[in-house]
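A.B. asks: My questions are about this predicted structure, shown below with the sequence.
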Amino acid sequence: MELILRNITHSYGETEVLEGISFNLKHGEIVCIIGPSGCGKSTLLRFIGGLERPDSGEVLLAGDPPSGSLNPLTYIFQDFALLPWRTVEGNVSLVLEDHGIRGERAKAIIDDVLARTKLSDFRKALPRQLSGGMKQRVAIARALSVNPAVMLMDEPLSALDSQTRELLMDDLVELWTRERFSACYVTHNLAEAVRLGHRIIVLSRRPGRIREVVEIDMPLSERPDRIAELDRLQRQVWQIMREEARQADLEIADVA
Amino acid sequence: MSHDLAHGGSPIQRPIDAANARPVPFRGGGFRHRKLGIVSPIVFAVIIALWELGSRSGIISDIALPAPSAALAAFMDLVHTGMLWKHLGASLYRLVLGWTLGSLLGVAFGLAIGLFSLARAGLLPLVSALFPIPKIALLPLFIIWFGIGEGSKVATILFGTFFPTVIATYGGVDNVDRNLIRMGQSFGLSWLSIVRKIIIPGALPAILSGFRISASIAIVLLVAAEMIGAEFGIGSYILMAGSLFALDQLIAGVAILSVMGLIISWAIGRAERYFLNWRT
Amino acid sequence: MLKLTRRKFGTVALASTAAAVVGAMTLSPAVAADKINVGILSLASHSPSIIAEERGYYAEQGLEVEFVSFQAAQPMAVAIASGDVDFGLTAISGGLISLADKGVIKVVGGALQEYDDIEGQKVIVSKKAHDEGVKTPADLKGRTFGITTTGSSFHYMAHKIADKEGFDRAEIKLKPLQKVPAVIAALKSGQIDAWSIQPNIADNLTSGPDVVEIGSISDYIPNYQVTTVFTSTANATDKQDLVKRFLAALSKGIADYNAAFVDKTMSEEDTAELVKAIHKYLYTDQPLEKADPQIRAGAMRFNENARMNVASIEDQLEWFKSEGLVPEGVTMDKLVDTSFVETF
């Protein structure tokens, strides 16, 4: 299944946030959307998942979702969005219950996704007992359980410390290598973008337009060993963003 | 540090004067609560002992305040005559019925106000207008509407507990993390599932603290409720003691209310610990 | 120290009664004998005191009177016990006897009384009860009867009816409703069957369609001493002269009241003047034309010279004891000081 974005334009009241965004997300591809604060990255992601509607332009789905996909477009949130009153397995079963999956079938799925995210030992734990990285792994497990076609990841690692971030990036790469999911990955962190993205879409400051698209054809699995090359790439992208980021930083005051 | 760096980029090398080293003064004490479980019984005991002593020695005149022993004797009279259970039974019936109905209705209306714009626009001003009305002022009306039997008594407590519950509930719904709701929507959960599994549990802490307040209000209103044609009940017992100027009975009755308050507060504390164990 | 405890008592007791009292409360002077506080309720039955003030009878006795308004008799009794108010007029209630038992207040004179020849308190029933066959007080067996509080005069009257009609006191179901307006509301709407009340209120109710008169209290409690004059024990023992002067002035007010409204021997001109004076304190929320008939209506006789029907008071005391509403040990000596007025 593919995602096609056509000419997305949106404004909140007088403030124009996005202008003329068009790109395609191919099957099995991770597209990182990067840009300065307030450029409308997260808004764009909400349009893609159908949580909000753009003023003009459209988001199209091409092709059928994989069979057995309960929720083709599935989010991973920055703040994990776990229900604090449910255990790890309860949080996963939450999204299965509405599809009528209970009992043995649910247990099988939960066992599977918890194993894939290395959480099998924590199924009875409450979110407050988990570290930030584990919480995000629970969120990932929850997302995996509905067998998504596209993962919509909204700064999923931003709330974590840098070591945890590294570990989780490794986990994500490993997961992708096995599952080959497609993902739209919004971040403001260049290191994440160059580690995880097959393509990096750089947005300009508000109103967000596509400033540059950077293709990275280095396989994800090889990237940890080719840090120097990635560093160069990262600096290159930073050069593109730098002036935008500076301007955005001066502007941000009147956005809030 | 910036000063040093300006000079040479590295710290100035000087021998450490270890002989004159002294511990850093501790400044972090105070402002922290320790659990001192035995203090409150001691405070109670001391106050009651001083009170009893004052009464016996005549410093506290018995028309100013009866001795604790006199109040206890009045209480024992209640126990021996079996009237305690009659009074307690009547009051508990009114409290439980009024509070339960008031809370159920309050939660229902609070959820409606929290969930539906139409209900919020229509009911919220009404709730805000009716909440501050002292229910005692409406007693004559309640007599006409609900009669002088159990109806008006239960109604007084019901009205008194309804409004704080409504406000606590819709406040709790408003405070449920919007991201959790968005998460539910993003996974395609039905409206009912989102309400049942996300909004109600998320509002539960606020609802329970609303219960704490409404239960206290219910006890406060018990005396008012039993002003109207009540033969039995702790409130009517207190009123009767007041009109007969039987201060020992008055104090005994007030103490019973106070103990009821303690028990309810304890029970709600237990409920909070049970239902809200997921909180840090 | 006695003064101190009494003051403290006042604060404690008052805090537990009506908040309105606190606002109206003034402190009694420690020495000045001729400056006194007199408690009144906003009822026509407190008119003689108002007349005594307006016509200068108190001034003649060298008394400077300040009126303190109360919403109910009970807080007034408490205020007198605490020394905040010096004199008051009210029915004998359980609270009053209880305070007398504690040695802080005394009944020193008589006020309103039932007389056979004067229209007195009436037994009234709701229209509903009347339709169901409650035509005389004898039919009150098994019926509900409104009272303000346990140990109030209404409670006493209900039981005296039961006693005279020969059925068990428990057969009248008493409904304590705390306040007169609540009793009126309950009676009008048929929530309670019966009530007994002074003629001016009774007439007002029976003039409407909801309430019917079925009897007179004087048939059940002849010469019932309805209200009495009372003061603190301290005044009665230490300031006898003050009490005498107060009663002398009040007696002149009583004489005027009886002449104007009960016997109607006073000239219309003077009566109108009295009504005007009373209107300064009663029914102040209504214009004089509207208040006038209410002040005149249903007047009951006050005892000349504040004479006191000790037999009636004793009967009331015995009833309170029989119901266990006051301690067994209360005696007439504790309740009444007969040294100030003529008794019978």
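C.D. replies: Structure received. Numbers count the residues shown, from 1 in each chain, chains lettered A, B, ... in the order given.

A.B. asks: can we go C-alpha only for contacts and neighbour counts from here?
C.D. replies: Noted.

A.B. asks: Can you list the low-confidence ranges for the chain?
C.D. replies: Looking at chain A here, since you left the chain open. For chain A, the stretches with pLDDT under 70 are A:251-256.

A.B. asks: switch to chain B, that's the one I care about
C.D. replies: Judged by pLDDT under 70, the stretches of chain B that qualify are B:1-11.

A.B. asks: which one is C:V85 nearest to, not counting chain neighbours?
C.D. replies: In space, C:V85 comes closest to C:N37 once its chain neighbours are excluded; the distance is 4.9 Å by CA to CA, 6 or more residues apart in numbering or on different chains.

A.B. asks: In contact with the one you found, which residues are there?
C.D. replies: Shown in contact with C:N37 (CA atoms under 8 Å, 6 or more residues apart in numbering or on different chains): C:28, C:65-68, C:84-87.

A.B. asks: That one bridge partners, please.
C.D. replies: C:E66 (DSSP bridges).

A.B. asks: any idea how far it lies from C:S152?
C.D. replies: Separation of C:N37 from C:S152 (CA to CA, to the nearest Å) stands at 24 Å.

A.B. asks: repeat for C:A260
C.D. replies: For C:A260 relative to C:S152 (CA to CA), the value is 29 Å.

A.B. asks: The residue nearest to A:A141 when sequence neighbours are not counted: which element?
C.D. replies: Ranked by CA to CA, 6+ apart and with sequence neighbours excluded, the top spatial neighbour of A:A141 is A:V113, at 5.2 Å. Using DSSP states H and E, A:V113 sits in helix A:103-116.

A.B. asks: Give me the packing partners of that helix, helices and strands only.
C.D. replies: helix A:88-97, helix A:132-145 (3 or more CA pairs under 8 Å, 6 or more residues apart in numbering or on different chains; DSSP states H and E).

A.B. asks: Tell me which of those helices approaches B:A218 most closely.
C.D. replies: When those are compared by CA to CA, helix A:88-97 sits nearest B:A218, at 36.8 Å.

A.B. asks: Give me the contacts around the closest one.
C.D. replies: Contacting residues not belonging to helix A:88-97 are listed as A:82-83, A:102, A:106, A:110, A:122-127, A:138, A:141-142, A:145-146, B:184, B:187, B:189 [CA under 8 Å, 6+ apart].

A.B. asks: which stretches of chain B form helices?
C.D. replies: B:2-7, B:39-57, B:68-81, B:83-115, B:117-130, B:139-146, B:150-174, B:178-186, B:191-193, B:200-225, B:234-243, B:247-275 (DSSP state H).

A.B. asks: hang on, the earlier thing: isn't the residue nearest to A:A141 up against A:L144?
C.D. replies: Yes. Using CA atoms under 8 Å as the test, A:V113 is close enough to A:L144 to be in contact (6.4 Å).

A.B. asks: Show me the domain layout of chain C.
C.D. replies: Domain assignment for chain C, taken from automatic domain parsing, gives C:2-113+C:225-335, C:122-219.

A.B. asks: Compare those domains and report which one is nearest to A:S182.
C.D. replies: Of all these, domain C:2-113+C:225-335 sits nearest to A:S182, with 73.4 Å by CA to CA.

A.B. asks: one step back: okay, the domains of chain C in TSV with mean pLDDT next?
C.D. replies: TSV is the format used below for the domains of chain C (pLDDT from 0 to 100):
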stretch	mean pLDDT
domain C:2-113+C:225-335	82
domain C:122-219	90
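
A.B. asks: Turn those domains into TSV, columns for distance to A:Q236.
C.D. replies: Shown next, in TSV, are the domains of chain C (distance: least, CA to CA, whole Å):
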stretch	distance to A:Q236
domain C:2-113+C:225-335	79
domain C:122-219	86
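
A.B. asks: Tell me where the stretch 1-150 of chain A has strands.
C.D. replies: Here the stretch 1-150 of chain A has its strands, by DSSP state E, counting those that start in this stretch, at A:2-12, A:15-25, A:30-34, A:56-62, A:73-76, A:150-154.

A.B. asks: Can you give me the neighbour number for C:D337?
C.D. replies: 19 (other CA atoms under 10 Å in any protein chain shown).

A.B. asks: Next up, the contacts around it.
C.D. replies: Counting by CA under 8 Å, 6+ apart, C:D337 has contacts C:106-108, C:236.
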